[in-house]
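model this:
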Amino acid sequence: MKKENSLLILWIIFGFTFIYAIDSILFLITHLVYFGTSTIGIPYYILKFLIPIITFTSYILATILILKKLKTHSKSEGIYLTEFPKRAFTILVLIAIFVNPITNKLSGLFAEYNATTQNENATDFIDFYGWMHFGFGFSRWIILILLAYTYYNKYNSQLIKN
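Residues are numbered from 1 along each chain as shown. Below is the predicted model of the structure:
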């Protein structure tokens, strides 16, 4: 395999790792918002609408901020001439590997704590939990579809210019 093709594969892996790390951070932030709002006593019938809205908003804001920071215009053609960011890749891998399991562990600990402090109905929690994870899935797919649509249109407009 050529050196350039290996670099291309590394960049693809970097992209997946970058997206998964950002998703893990947003997953943690949403859970922290849930922990805080639940602790102050907001009932599940309100949280089941509030948390998906907060999740969707955080995914939209994160996408906008990341797209503003990314350099989409380059003097070179392709990625073959760029240096691979080893340090950033290592940090992203660590975030991608550890943040999600930590969030899940915190969620379990909070559920254990919350069960002893709140006298809510278990079906209300299960209903809320389903809505919360619906918010994650919906947000992820909507962002992916919007990005694909936007960049496909940008690609087509560049083909027409050339």
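
so who does the residue minimising distance to the centre of the chain touch?
By CA atoms, centre = their mean, the mean C-alpha position of the chain lies nearest to residue 23, the distance being 2.0 Å. By CB atoms under 8 Å, 6 or more residues apart in numbering, residue 23 lies in contact with residue 140. To be clear about C-beta, it is placed using only N, CA and C from the backbone, and glycine gets the same treatment.

what distance separates the longest helix along the chain from the middle of the whole chain?
Using DSSP state H to define each element, the chain has its longest helix at helix 122-161. Relative to the centre of its chain, helix 122-161 is centred 10 Å away, using CA atoms, centre = their mean, to the nearest Å.

in this structure, which ranges drop under the pLDDT threshold?
1, 71-81, 115-120, 162 (pLDDT under 70).

Quick one: the strands in it, in order.
Assigned by DSSP state E, the strands in the chain number zero.

what separates residue 92 from residue 151, distance-wise?
21 Å (CB to CB, to the nearest Å).

One more: residue 30?
Distance from residue 30 to residue 151, by CB to CB: 26 Å.

These two: who's more crowded?
Legend: neighbour count by other CB atoms under 10 Å for residue 30 and residue 151, higher for residue 30 (22 against 12).

residues touching the nearest residue to that one once chain neighbours are set aside, list them.
Among residues not flanking residue 30 along the chain, residue 55 sits closest, at 4.9 Å (CB to CB, 6 or more residues apart in numbering). Residues in contact with residue 55, defined by CB under 8 Å, 6+ apart, are 26, 30, 132, 135-136, 139.

gap between residue 55 and residue 93?
Taking CB to CB, one finds residue 55 at 24 Å from residue 93.

likewise residue 158?
From residue 158 over to residue 93 (counting by CB to CB), the distance is 32 Å.

Can you pick out the residue with more neighbours from the two?
Neighbour count, other CB under 10 Å: between residue 158 and residue 93, residue 93 has more, with 16 against 9.

if I read this right, that one contacts residue 17, doesn't it?
Yes: the pair residue 93 / residue 17 is scored as a contact, 5.7 Å apart, by CB atoms under 8 Å.

Show me what the longest helix of the chain is packed up against.
helix 3-39, helix 44-69 (3 or more CB pairs under 8 Å, 6 or more residues apart in numbering; DSSP states H and E).

Name the residues of the first one that are buried.
Spelled out, it's helix 3-39. The neighbour-count criterion (16 or more other CB atoms under 10 Å) identifies 7, 11, 14, 17-28, 30-31, 33-35, 37-38 as the buried residues of helix 3-39.
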